[in-house]
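What follows is a predicted structure for the sequence shown.
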Amino acid sequence: MKALKWIWQYMKLHKRKMAYGYTSVIIFSFLGVIIPYYIGKIVDEVIEGKDYSLLQPYLLTIIGVALLRTLMAYGHNMAFESLSQGVIFKIRSQMYDLLHRLDFTFFDSNRTGDLMSRMTGDIDAIRHFTAHVSHQLLKAVVMFVFALGMIFTINVKFSLVVLSVAPIILGVALLFSKAVRPRFSDIRKQFSKLNTVVQENVSGNRVVKAFANEDFETEKFTKENEAYKEKMILAASVWEKYLPIMEFFSKSMFIVVILVGGLLVINDNLSYGELVTLNTVIWRVNMPLQMAGWLINDTQRFIASAEKIQGLIDTKPVIKNEGVVLNEEDFPLNGKIEFKNVSFKYKDEPVLKDVSFCINPGQKAAFIGATGSGKSTIMNLICRFYEVDDGLITLDRVNVKNIDLKTLRSVVSIAMQDVFLFTDTIEGNIAYGVPDVSVEQVYEVARLADAHEFIKSFPEGYDTIVGERGVGLSGGQKQRIALARTLLTKPNVLILDDTTSSLDLKTEQQIQKNIETINYKNTTLIIAHRISSVRNADQIFVMEDGVVIEKGTHESLLEQKGHYYDVYKNQLGDFDHVASNTSQKEVNYGA
Ligand SMILES: Nc1ncnc2c1ncn2[C@@H]1O[C@H](COP(=O)(O)OP(=O)(O)OP(=O)(O)O)[C@@H](O)[C@H]1O
């Protein structure tokens, strides 16, 4: 009921199509019993009564009704098809819009495959229901009522016999639908598993090849493929078991017509023409009963899909604008970032513990620390991808919670650790999210990111289409394009989350120099594993296990002879040797 109420709010947006469609279905079903009626009249009045003058009008009526029915069927099928497309267009748009508003937490706990199946398979179940099942249900009921009404007007006794057989056919149809339902649900689940294996193998095919694991993957696929085949055969076996029974009982209707109708004719209680009419009309009683099982199954499939989609649409983003919301013009934007006793956990394990620091406008701050120590988490919290559990984060003394989300994410720009490039040209990828940007501006940021030269060296230059996720580019090239994309937004706070990890030292240093020439004021936050990447920062924060354990400049941290000093020594080999001779032998943090 909830699902029907839910879909109604979308269907009612197409009132005219619905009104036309349902009226047409009712008239169409009514006309369905008119043809047998006139066939009966031809038998009785033309053949038996020898009134041949009636043949032409009766035949013309039959042909006219048949033509009208064909036109009406076309009309209402098109109306419902177009209505269903309107309905799923709206639902799909709502879902897509929501996917962009939902938080990282939502995507952390929902699998891509699941979301994709809601956007495709479940949406298709909605389309099938609105385009076909919704009016087939009405057609079945109306057709049954009209046909029974006609039988009743012809002969009451006969209609009572039909009514006594009808529940048997309906019962068998319902039993069949009940038996086959779990089989279909198994098939759908198995199909989704099969899809997941295929999807993972397509996107992870390089890993499969790198590990020469084709046989293992083929075996995995064969297992799911076999299971799918078995489930299909099982469903077919249920189908094959019930089909003859259904056939038998539906044919029994015709036996009833011949037996009971014949007896009534012999006893002069029924004319030949009426018997012919009954013989045709009985089909219209039979069909809805046989279809009942399928319609119920399809309706249940619709309800299951509607609940899943409704569940998604009803999901509310946890992180949103609330309370006092400030825009860019409402407070002075200088780029001062402050953490005051911030604690945070993704699930149960604390990831940041009572973290406090202050980065002044225009400063370059660097975060260094072991993998998993919480560096990226700090950046995620500044952008409000997640909400702090305790403490306060401010941008220019304003709690980030009070800054309009779009404003916050446009003044704070992050080049993420996992580079994602769209299937588009390089230019399109760099200019992503900045409308009306000139080619010169794209070139300028590409130069800053040390990407201009390699892009120009491609035969298609900036028009080179990069494949899915940036296929065709090296890791370092992808990172530089992503960096150029971030720089183009001219953020007040620029966050570089391990953005240069795939680059050689020379290129990295060149990029650092370039960024220093940026002609707009910005605060820069850098996450890096190499001391060489952070040594020039105004402030360096050393993280360990969710805590800032040391902070200061490169020199002051070396003087402290603490953790930073150990890492420096570790990365540069013999410290004394390196201190006098800055030959830089790079090893990763903590290696
Ligand atoms: N989305 C998430 N859900 C649950 N736990 C997470 C999530 N993201 C990170 N973590 C966990 O939080 C901790 C800190 O992760 P974070 O990415 O902040 O570390 P990091 O210092 O940036 O590491 P790296 O240097 O490897 O990038 C890790 O233990 C990680 O497993």
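Everything's here; your move. Numbers count the residues shown, from 1 in each chain.

residue contacts, Thr105?
Shown in contact with Thr105 (Cβ atoms under 8 Å, 6 or more residues apart in numbering): 318, 386. Where you see a C-beta, it was placed from the backbone N, CA and C, and this is true even at glycine.

go with 10 Å
317-319, 346-347, 385-387 (Cβ atoms under 10 Å, 6 or more residues apart in numbering).

Which parts of the chain are strands?
337-345, 350-359, 364-369, 390-395, 398-399, 412-415, 424-425, 465-466, 493-497, 523-527, 539-544, 547-552 (DSSP state E).

between these, which gets nearest to the ligand?
Comparing the strands of the chain by their distance to the ligand (Cβ to the nearest ligand atom), the top pick is strand 350-359, with 4.3 Å.

So in that sheet, which strands flank the closest one, and in what orientation?
Strand 350-359 has these partner strands in its sheet, going by DSSP bridges: strand 337-345 (antiparallel).

Can you pull the residues of the stretch 351-500 of the chain lying near the ligand?
Taking Cβ under 6 Å from any ligand atom as the contact definition, the stretch 351-500 of the chain meets the ligand at 351, 369, 371-377, 417.

a markdown table for the strands of the chain, including mean neighbour count and distance to His132?
Listed next are the strands of the chain as a markdown table, based on neighbours: other Cβ atoms under 10 Å; distance: least, Cβ to Cβ, whole Å:
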| stretch | mean neighbour count | distance to His132 |
| --- | --- | --- |
| strand 337-345 | 18 | 49 |
| strand 350-359 | 18 | 50 |
| strand 364-369 | 24 | 57 |
| strand 390-395 | 18 | 53 |
| strand 398-399 | 16 | 53 |
| strand 412-415 | 23 | 47 |
| strand 424-425 | 14 | 38 |
| strand 465-466 | 16 | 40 |
| strand 493-497 | 25 | 50 |
| strand 523-527 | 24 | 54 |
| strand 539-544 | 22 | 58 |
| strand 547-552 | 17 | 61 |
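
Among these, which comes closest to Tyr38?
Tyr38 lies closest, by Cβ to Cβ, to one member of the strands of the chain: strand 424-425, at 63.8 Å.

Now do the contacts for the residue nearest to Lys139 when sequence neighbours are not counted.
The spatially closest residue to Lys139, leaving aside those adjacent along the chain, is Val25, at 5.2 Å (Cβ to Cβ, 6 or more residues apart in numbering). Contacts for Val25 (Cβ under 10 Å, 6+ apart) come out as 72-73, 76-77, 79-80, 134-139, 142-143.

Out of those, flag the one nearest to Leu102.
Using Cβ to Cβ, the contacts of Val25 come closest to Leu102 at Ser134, 30.0 Å.

Now for the closest residue in space to the closest one that isn't next to it in sequence, how many residues are close by?
Distances taken as Cβ to Cβ, 6+ apart put Phe80 closest to Ser134, at 7.1 Å, once the chain neighbours are dropped. Neighbours of Phe80 under the rule other Cβ atoms under 10 Å: 26.

Would you check that Phe80 makes contact with Thr130?
Yes: Phe80 is within contact range of Thr130, at 6.9 Å (criterion: Cβ atoms under 10 Å).

where do the contact lists of the two overlap?
11, 14, 18.

if I read this right, the second one contacts Trp8, doesn't it?
No: between His14 and Trp8 there is no contact under Cβ under 10 Å: 11.2 Å.

the more surrounded of these two?
Ranked by neighbour count (other Cβ under 10 Å), His14 and Trp8 place His14 first, with 21 against 11.

List the contacts of that one.
Counting by Cβ under 10 Å, 6+ apart, His14 has contacts 20-21, 79-80, 82-87, 90, 130.

try Tyr37
Taking Cβ under 10 Å, 6+ apart as the test, what Tyr37 contacts is 58, 61-62, 65, 150, 153-154, 273-274, 277, 280-281.

And it, how close does it get to Asn155?
Counting by Cβ to Cβ, to the nearest Å, the separation of Tyr37 from Asn155 is 14 Å.

can you list residues touching both of the two?
Shared contacts of Tyr37 and Asn155, defined by Cβ under 10 Å, 6+ apart, comprise Glu274.

Check what pLDDT the residue nearest to Lys139 gets.
Listed pLDDT for Val25 reads 95.

Kindly report the same for Gly573.
pLDDT at Gly573 comes out at 53.

go on, the one 10 residues further on?
You'll see Ser583 listed with a pLDDT of 40.

Please list the residues of the chain that sit near the ligand.
Checking the chain against the ligand by Cβ under 6 Å from any ligand atom, the hits are 108, 346-347, 351, 369, 371-377, 417.

What is the most widely separated pair among those?
Asp108 and Gly369 (22.1 Å).

so what's Leu243 up against?
Per Cβ under 10 Å, 6+ apart, neighbours of Leu243: 176, 236.

let me redo that: Ile245
169, 172-173, 175-176.

ranking those by neighbours, who comes first?
Ala173 (24 neighbours).

out of the contacts of Ile245, who's nearest the ligand?
Checking the contacts of Ile245 one by one against the ligand (Cβ to the nearest ligand atom), the nearest turns out to be Phe176, at 46.5 Å.

Chain neighbours aside, what residue packs nearest to the closest one?
Nearest residue to Phe176 in three dimensions, chain neighbours excluded: Tyr242, at 3.9 Å (Cβ to Cβ, 6+ apart).

Which residue, other than its chain neighbours, is closest to Ile34?
Using Cβ to Cβ, 6+ apart, the nearest residue to Ile34 is Val65, at 5.2 Å.

Now render the strands of the chain as a markdown table, adding mean pLDDT.
Formatted as a markdown table, these follow (pLDDT from 0 to 100):
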| stretch | mean pLDDT |
| --- | --- |
| strand 337-345 | 96 |
| strand 350-359 | 95 |
| strand 364-369 | 94 |
| strand 390-395 | 94 |
| strand 398-399 | 92 |
| strand 412-415 | 92 |
| strand 424-425 | 89 |
| strand 465-466 | 88 |
| strand 493-497 | 93 |
| strand 523-527 | 93 |
| strand 539-544 | 95 |
| strand 547-552 | 94 |
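
Among those, which comes closest to Phe216?
strand 465-466 (30.3 Å).

still on that earlier bit, among the strands of the chain, which is nearest Glu217?
Go through those one by one with Cβ to Cβ and the one that ends up closest to Glu217 is strand 465-466, at 26.4 Å.

same for the closest one, what does it pack against?
strand 424-425, helix 426-430, helix 475-488 (3 or more Cβ pairs under 10 Å, 6 or more residues apart in numbering; DSSP states H and E).

Mind checking these for the one nearest to Gly323?
The nearest among the helices and strands packed on strand 465-466, by Cβ to Cβ, is helix 475-488 at 29.0 Å.

Quick check: the gap between the residue in the stretch 101-250 of the chain that the ligand sits nearest to and Leu312.
Across the stretch 101-250 of the chain, the shortest distance to the ligand (Cβ to the nearest ligand atom) belongs to Asp108, at 4.5 Å. Distance of Asp108 to Leu312, computed by Cβ to Cβ: 15 Å.

and what of Ile62?
Taking Cβ to Cβ, one finds Ile62 at 51 Å from Leu312.

Ser343 now?
Using Cβ to Cβ, Ser343 is found at 31 Å from Leu312.

got it, and Val238?
Distance of Val238 to Leu312, computed by Cβ to Cβ: 32 Å.

who's more crowded, these two?
Leu312 (21 against 16).

what separates the more buried one from Leu98, distance-wise?
Remark: distance between Leu312 and Leu98 (Cβ to Cβ) = 7 Å.

Quick check: neighbours shared by those two?
By Cβ under 10 Å, 6+ apart, Leu312 and Leu98 have these common neighbours: Phe106.

Helices along the stretch 151-300 of the chain, start to end?
156-203, 205-210, 214-256, 262-266, 272-313 (DSSP state H, counting those that start in this stretch).

can you redo those helices as a markdown table with mean pLDDT and distance to Glu440?
Shown next, in a markdown table, are the helices of the stretch 151-300 of the chain (pLDDT from 0 to 100; distance: least, Cβ to Cβ, whole Å):
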| stretch | mean pLDDT | distance to Glu440 |
| --- | --- | --- |
| helix 156-203 | 82 | 36 |
| helix 205-210 | 84 | 36 |
| helix 214-256 | 86 | 47 |
| helix 262-266 | 92 | 92 |
| helix 272-313 | 86 | 43 |
